[in-house]
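Enquirer: Fold the following, please.
(4 chains)
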There are 2 protein chains.
Amino acid sequence: MSTSSRFAVAVHVLTLMAWADDEPLKSEQVAESVQTNPVVIRRMLCELAEAKLVVSQTGAMGGSKLAREPGQITLFDIYQAVESPSVFSLHRHPPSRNCPVGVNIGTVLNEVLDEVDSAVERVLANITVKDVVSRLRPCVVSTNGKRKNGARVQLVSTRN
Amino acid sequence: MSTSSRFAVAVHVLTLMAWADDEPLKSEQVAESVQTNPVVIRRMLCELAEAKLVVSQTGAMGGSKLAREPGQITLFDIYQAVESPSVFSLHRHPPSRNCPVGVNIGTVLNEVLDEVDSAVERVLANITVKDVVSRLRPCVVSTNGKRKNGARVQLVSTRN
DNA sequence: GTAACTGTAACTATATTGGTTACAGACGAT
DNA sequence: ATCGTCTGTAACCAATATAGTTACAGTTAC
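Expert: Below is the predicted model:
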């Protein structure tokens, strides 16, 4: 269906912010982790800000951070913010109204579409950004797991 | 997600064939009901034939019909035949491996993707083409509901 | 004031979907 | 055998969506 990676990138971005606690992240830092261009990230951050999932600060020492606790942001919130509302679309042009099938297939397809969208919602609304971070931790625990209080989070190792 | 109407059109097409019983339908008839070009329909019919959902007959008096009983074809079969396998995609370029989030987010996202895809499958695998026809009938019963045996099914009223 | 940020416009490249014409090949009917 | 009717498929074009890039105005910390 979707050949778009917008949802995957958005989850990645919000997960970085959860990882960073309340430290605002610069679009360039995020872009480095996602391996894309900072403008692509900033565009997406605008959509996420409109959906009240992040807040951004312009100017020096600015950046973006989560607007709520990671446990209060679900993957469905993210999905709604950056992907088109439905899993599939109906006909581009409405079917023939001179055909017994064509005249009513739209109604049936809409019912099916609602069922599918609801099923997706049920899955995604049940996973929070906090959950994603938890499912991430086990792989990183080996290093330490705790960060010094007040220390700036190092997301991408910068070996200049 | 998907801005594609391929699934909707494919369901429409197979519903027409179920409606027509074993009468083979010409791509032009189908195209008229779907309101598109016959070539678009034939392209889709090729995919549906590869998926063993329809069989086509070339030559005069040819056309396409269902390969199995309408009750034995699920919307998930159709979905798999004409749409991309997953509801969303992961990153275009793999995330940074120098980042504790980037290095593992792919694993978590794949798990989520599997859950979503499974949820969609559970919904669609539970609806057959026969079900779609049933949910269509109530709107058409008023005309008659039964067709004379051997009579050619009239799908689109042709007032030339 | 200056340097460091975001927000956003403008442009390009690429991929997918859908529509169209054209034609080779299969096949039923005569 | 050939003729008209179909499918299968190639080769285009147009429209749209995603993604990447440069550039720059506006905001903010210091």
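
Enquirer: could I have stretch A:46-54 exported to CSV, CA atoms only?
Expert: What follows is stretch A:46-54 as a C-alpha-only set of coordinates in CSV (Å, rounded to 0.1, in the frame of the first residue of the first chain):
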residue,chain,number,x,y,z
CYS,A,46,6.1,21.2,11.4
GLU,A,47,3.4,18.6,10.9
LEU,A,48,4.1,16.9,14.2
ALA,A,49,3.9,20.4,15.9
GLU,A,50,0.6,21.0,14.3
ALA,A,51,-0.6,17.8,15.7
LYS,A,52,0.6,19.0,19.1
LEU,A,53,3.1,16.1,19.4
VAL,A,54,6.2,18.2,19.6
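
Enquirer: what's that stretch in contact with?
Expert: A:10, A:13-14, A:17, A:45, A:55-56, A:64-68, A:73, A:77-78, A:80-82 (Cβ atoms under 8 Å, 6 or more residues apart in numbering or on different chains). C-beta: built from backbone N, CA, C; applies to glycine.

Enquirer: Mind checking which of these are buried?
Expert: For the contacts of stretch A:46-54, a burial check counting by 16 or more other Cβ atoms under 10 Å in any protein chain shown picks out A:10, A:13-14, A:17, A:45, A:56, A:64-67, A:73, A:77-78, A:80-82.

Enquirer: tell me which of the residues you listed is nearest to A:D117?
Expert: Of all the buried ones among the contacts of stretch A:46-54, A:Q80 has the smallest distance to A:D117: 10.6 Å, by Cβ to Cβ.

Enquirer: Check whether stretch A:45-56 comes near DNA strand C.
Expert: Yes - looking at stretch A:45-56 against DNA strand C by Cβ under 7 Å from any atom of the strand, the contacts come from A:45-46, A:49, A:56.

Enquirer: mean confidence for that stretch?
Expert: Mean pLDDT, stretch A:45-56: 97.

Enquirer: Could you identify the helix or strand that succeeds the longest helix seen in chain A?
Expert: Scanning chain A for the longest helix, with DSSP state H as the assignment, gives helix A:102-124. Next helix or strand after helix A:102-124 toward the C-terminus (DSSP states H and E): helix A:129-136.

Enquirer: just to revisit the earlier point, please list the members of the contacts of stretch A:46-54 that lie in strands.
Expert: Among the contacts of stretch A:46-54, the residues falling in strands (DSSP state E) are A:55-56, A:64-66.
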